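A.B. asks: need a structure here:
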Amino acid sequence: MPILPNTVGAHLLFERRGHVLLGLRPPDALFAANIWHVPAGHVERESVRACAVREADEELGITVAEPDLELVHTVHLLHADNSVPRLQLFFRVHRWQGEPQLMEPDRCVEWRWWPLHALPEPTVEYTVAALEGMANGWPYTDMGWPR
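C.D. replies: Take a look at the predicted model:
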C-alpha cells in the first residue's frame, strides 16, 4: 500500500462565557461554502503552533502567543477514498489580544460567538465532532475511514 501524505490543519478555539467563535464561509468558497467553521488554516513550512498564531493574525487581526495554545483535540479525516487524508489539530486559545475582525472577506463573511450547546446549522461536520469529543473528554476522533 502506498504511503500517503497528510495535510495538517491548525484550528483555533476561542471560547468566551460558554460561547465559541465561528466564521461563516463565503458562498463561493472551495471548501465549506456557506458553512460555519472555527478559524483555521493549513500548515505551511512552519510548526502547527506557528500556523495557528499566523492564522489568528491573518484571519482575525488577533495576537496570540504560542504558549497560550493548548492542543485539545485531534481529528483524522478522510473525505473520500482517493482524497488526501487530513490531520486536524484543535487548539484552545487561553489568552489573546484584540477582538475578531473581518480581515479576509474572501474567506469569511462574518465572525460570531455561538453557544457551545447551540451551534449554527450548518457547521463543518468535523468541527462539530471535535467540539463533541472535547465535551466528552475524548482527545481523538477519526472520520471517513473504512471500518
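
A.B. asks: which residues in this structure form strands?
C.D. replies: Assigned by DSSP state E, the chain shows strands spanning 7-13, 15-16, 19-24, 36-37, 40-42, 69-77, 86-93, 110-115, 140-143.

A.B. asks: which one of these lies closest to E104?
C.D. replies: Within these, the stretch nearest E104 is strand 19-24; the backing value is 9.3 Å (C-beta to C-beta). No exception for glycine: its C-beta is placed from N, CA and C like everyone else's.

A.B. asks: how much distance is there from the closest one to the middle of the chain?
C.D. replies: The gap between the average C-alpha position of strand 19-24 and the chain average comes to 10 Å, counting by C-alpha atoms, centre = their mean, to the nearest Å.

A.B. asks: Can you name every helix or strand that that strand contacts?
C.D. replies: Applying 3 or more C-beta pairs under 8 Å, 6 or more residues apart in numbering; DSSP states H and E, one finds that strand 19-24 makes contact with strand 7-13, strand 36-37, strand 110-115.

A.B. asks: who's G41 bridged to?
C.D. replies: Under DSSP bridges, the beta-bridge partners of G41 are A10.

A.B. asks: Any buried residues in the helix ranked longest in the chain, and which?
C.D. replies: The longest helix of the chain (DSSP state H) is helix 125-135. Along helix 125-135, these residues count as buried under the neighbour rule (16 or more other C-beta atoms under 10 Å): 126-127, 129-131, 133-134.
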